[in-house]
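Undergrad: here are the coordinates; sequence isn't available:
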């Protein structure tokens, strides 16, 4: 498997050097693996910190900037960052108004963010935490007790980031992050597996002519394999899986997310089918975002995330955001 | 080859339906294959129209919006749009101040935009034209007499779009588009070929362990094949190929562009190496853009575009842009 890399052990550090070169508005600590807004800490603002294994770019480092995260802690590929990264990040972004940790539900991330929260509190930093566990495909998985955290993370970071940008206190930022997290559901499919640089071969086998329904963002097993389906059939399956768990009674935010290697023209075609299914199910879609946001290296496939959105959440979703990976209104 | 599609013959129409669903700020005419700003024609503004074969998304439809294109005409996959699309687009965006056609240098596109310009002028629309021919890899290629038009198109559309947004007359918008076009050079590499939906198998063979240096965005032959190289070696080769033709004497804009299937983490690592080479060659980089912008379906690989930029071009590059694929400042 050919990759555009130097050596596998330097992939994360090389990418951070590139982020540093391309984004002067960020402070990138390559050695300690922390990406921080250059203007951090922002006075009178709750600091938002997230992180997780690398390989899901632009999540999380690409979501650092005004209106979203204040800092991100990338781990090695598909490997949790360590508590020391998170504690340093918290110290870098705390303006005295406290810090919110946004944690995808993988056992390593949960343990390490818990430990980092204790360490940060020992240093006098007030810490809130919210867990993202939006993937309806399976309960319990290779790296997770409970549901996995996937595409819903984007909505949590965007909406909580917007409220923090308005100067809301930690208690309110944490509350809306939790509300968004509880309002999101996701379902993903893989058409081809991903290859980690260290392994150099696909993380799982997927026979020609089959797809995996309910894939995780590290290639964890989903619900089942089936002979290849059309975009429309996949949209039916994925949206119904999400809706059967979400039961929206009003408008939703929709994320049609690429896993990394699926061309944008296919993602837009899939978006059309997702919209068709939602129309058929009489679910009004308030906003749709299409692109590669929560990826899995070079996996081919896509995921659908729906988020029940009240007026306040819509307002915050629309609010200005200025990050490498998501930018509007500023 | 598995794809997230319904049937190959509907890939472009399905994607346009998805764009329509996701982007209420655009008017998408699925039948006639035209993507137009919803607020077109914008009073007292030159209209910018581009187009070309599909499969390079977000180029061009994803670059329609304030500060960039007023309309885009997508052809079938890797196939020029027809003159009727371009004439309709010109009529839709002309406010009486004329229209500029931005044309990538492929024989079909050049012929069809020429014919469309004549037809539009017959209808009383003043038309300017600029050709983008930035790819230094080869002279003459499968679909091109002269150099191919690739990544530089983004800079032409961005900078000319910003000047048009300020209300400059057609003569000036055409002049700066030509200046940008002449100031851009690009070079691309493929690590894995792309697969068109209609063919269903890779457009060319690339043996395991080899890469193609100087690839075109439709998989056209480049300069040579070599055993796989590191990211740093590829950056040396690509940047030197560009610089040997560009000879910048001041700051450049840099685009580190993914071909579609290469993960963002690899693109950022490659960006670090591009920056290193430019530092070594003492070329100051004013701005760097990293991501999948001028793609080739699911091709793996990347391209580097450099653009000599004077102060006016930098100012216009930084100006507000609000499109699905490129957005800042508004």
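TA: Great, that's in hand. Not measured: the values here are computed from a predicted model.

Undergrad: what sits against the closest residue to residue A:224 other than its chain neighbours?
TA: Nearest non-adjacent residue to residue A:224, counting by C-beta to C-beta, 6 or more residues apart in numbering or on different chains: residue A:213, 5.5 Å away. All C-beta spots, glycine's among them, are computed from the backbone N, C-alpha and C. Residue A:213 is in contact with A:137, A:187, A:189, A:222, A:223, A:224, A:225, A:226, A:234, A:237, A:238, counting by C-beta atoms under 8 Å, 6 or more residues apart in numbering or on different chains.

Undergrad: Try it again at 10 Å.
TA: Neighbour list for residue A:213: A:137, A:187-190, A:222-226, A:229, A:234, A:237-238, A:241, A:301 [criterion: C-beta atoms under 10 Å, 6 or more residues apart in numbering or on different chains].

Undergrad: Okay, and which of the residues you listed map to helices?
TA: A:234, A:237, A:238, A:241 (DSSP state H).

Undergrad: Burial check on the third one, number of neighbours?
TA: Put plainly, it is residue A:238. The number of residues packed near residue A:238 is 28, by other C-beta atoms under 10 Å in any protein chain shown.

Undergrad: swap in the first one?
TA: Counted by other C-beta under 10 Å, the residues lying close to residue A:234 total 26.

Undergrad: surely it meets residue A:214?
TA: No - under the criterion of C-beta atoms under 10 Å, residue A:234 is not in contact with residue A:214, lying 11.4 Å apart.

Undergrad: Need the residues touching each of the two.
TA: What both residue A:234 and residue A:214 touch, as defined by C-beta under 10 Å, 6+ apart, is the set A:187, A:189.

Undergrad: Spatially, and excluding backbone neighbours, which residue is closest to the spatially most central residue of chain A.
TA: Most central in chain A under C-alpha atoms, centre = their mean is residue A:153, positioned 4.0 Å from the mean C-alpha point. In space, and not counting its chain neighbours, residue A:153 is closest to residue A:132: 4.8 Å by C-beta to C-beta, 6+ apart.

Undergrad: show me the residues around the one you found that make contact.
TA: Contacts of residue A:132 were listed using C-beta under 10 Å, 6+ apart, and they are A:50, A:52, A:102-105, A:109, A:147-157, A:177-178, A:180-182, A:184, A:186.

Undergrad: Looking at those residues, which are in helices?
TA: Using DSSP H, these in helices are A:109, A:152, A:153, A:154, A:155, A:156, A:157, A:177, A:178, A:180, A:181, A:182.

Undergrad: circling back to that earlier point, reformat the ones in helices among the contacts of residue A:213 into CSV and put distance to residue A:272 and pLDDT next to each item.
TA: CSV is the format used below for the ones in helices among the contacts of residue A:213 (distance: C-beta to C-beta, whole Å; pLDDT from 0 to 100):
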residue, distance to residue A:272, pLDDT
A:234, 12, 98
A:237, 16, 98
A:238, 14, 98
A:241, 19, 98
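
Undergrad: ranges for the strands of chain A?
TA: Listed in chain order, the strands of chain A (DSSP state E) span residues A:26-29, A:34-37, A:47-54, A:71-77, A:99-104, A:127-132, A:184-192, A:210-213, A:224-227, A:252-258, A:285-291, A:300-308, A:321-322, A:327-328.

Undergrad: which helices and strands sit right next to the fourth one?
TA: If I follow you right, that is strand A:71-77. Applying 3 or more C-beta pairs under 10 Å, 6 or more residues apart in numbering or on different chains; DSSP states H and E, one finds that strand A:71-77 makes contact with helix A:11-22, strand A:26-29, strand A:34-37, strand A:47-54, helix A:83-93, strand A:99-104, helix A:107-122.

Undergrad: what would these look like in a markdown table with mean neighbour count?
TA: Converted to a markdown table, these look like this (neighbours: other C-beta atoms under 10 Å in any protein chain shown):
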| stretch | mean neighbour count |
| --- | --- |
| helix A:11-22 | 24 |
| strand A:26-29 | 20 |
| strand A:34-37 | 25 |
| strand A:47-54 | 29 |
| helix A:83-93 | 23 |
| strand A:99-104 | 29 |
| helix A:107-122 | 19 |
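
Undergrad: Indicate which one of these is closest to chain B.
TA: Among the helices and strands packed on strand A:71-77, the nearest to chain B by C-beta to the nearest C-beta is helix A:11-22 (3.5 Å).

Undergrad: The closest one to strand B:252-258, inter-axis angle?
TA: 150 degrees (axes from the mean of the first three to the mean of the last three C-alpha atoms, to 10 degrees).

Undergrad: Which positions within stretch A:236-253 qualify as buried?
TA: Across stretch A:236-253, burial judged by 16 or more other C-beta atoms under 10 Å in any protein chain shown covers A:236, A:237, A:238, A:239, A:241, A:242, A:243, A:246, A:248, A:251, A:252, A:253.

Undergrad: Check stretch A:229-236 too.
TA: Buried-residue list, stretch A:229-236, by 16+ other C-beta under 10 Å: A:229, A:231, A:232, A:234, A:235, A:236.

Undergrad: Identify the residues contacting the fourth one.
TA: Residues counted as contacts of residue A:234 (C-beta under 10 Å, 6+ apart) are A:187, A:189, A:191, A:211, A:213, A:226, A:228, A:270, A:273-274, A:301-302, A:304, B:4-6.

Undergrad: How about the third one?
TA: Contact criterion C-beta under 10 Å, 6+ apart gives A:269, A:270, A:272, A:273, A:274, A:276, A:277, B:5, B:6, B:7, B:14 as the residues in contact with residue A:232.

Undergrad: Ignoring the adjacent residues along the chain, who's closest to residue A:267?
TA: Nearest to residue A:267 is residue A:258, by C-beta to C-beta, 6+ apart, at 4.9 Å.

Undergrad: Pull the contacting residues for the one you found.
TA: Applying C-beta under 10 Å, 6+ apart, the residues near residue A:258 are A:264, A:266-267, A:270, A:290-296, A:299-303, B:4, B:292.

Undergrad: now swap in residue A:20 and tell me
TA: Residue A:20 makes contact with A:26, A:27, A:28, A:29, A:30, A:35, B:268, B:271, B:272, B:275, according to C-beta under 10 Å, 6+ apart.

Undergrad: Taking the stretch 101-250 of chain A, what residue is nearest to chain B?
TA: Closest to chain B within the stretch 101-250 of chain A is residue A:191: 4.3 Å, counting by C-beta to the nearest C-beta.

Undergrad: Local confidence estimate at that residue?
TA: With respect to pLDDT, residue A:191 scores 97.

Undergrad: Correct me if wrong: it contacts residue A:296.
TA: No - with contact defined as C-beta under 10 Å, residue A:191 does not reach residue A:296; the gap is 11.8 Å.

Undergrad: who has more neighbours, the two?
TA: More neighbours surround residue A:296 than the other of residue A:191 and residue A:296, with 30 against 24 (other C-beta under 10 Å).

Undergrad: What parts of the stretch 51-200 of chain A come near chain B?
TA: Residues of the stretch 51-200 of chain A lying close to chain B by C-beta under 10 Å from any C-beta of the partner chain are A:54-59, A:61-62, A:74, A:77, A:189-192, A:194-195, A:197.

Undergrad: Contacts only, for the nearest residue to residue A:75 once chain neighbours are set aside.
TA: Distance criterion C-beta to C-beta, 6+ apart; nearest residue to residue A:75, sequence neighbours excluded, is residue A:81 at 3.9 Å. Residue A:81 makes contacts with A:33-34, A:50-54, A:60, A:72-75, A:89, A:108-109, A:112-113, A:116, as judged by C-beta under 10 Å, 6+ apart.

Undergrad: related to what we said a few turns ago, quickly list what's touching both of residue A:191 and residue A:296.
TA: When contacts are counted by C-beta under 10 Å, 6+ apart, residue A:191 and residue A:296 are jointly contacted by A:215, A:259, A:261.

Undergrad: Excluding sequence neighbours, find me the nearest residue to the last one.
TA: Nearest in space to residue A:261, with sequence neighbours left out and distances taken as C-beta to C-beta, 6+ apart, is residue B:261 at 4.0 Å.
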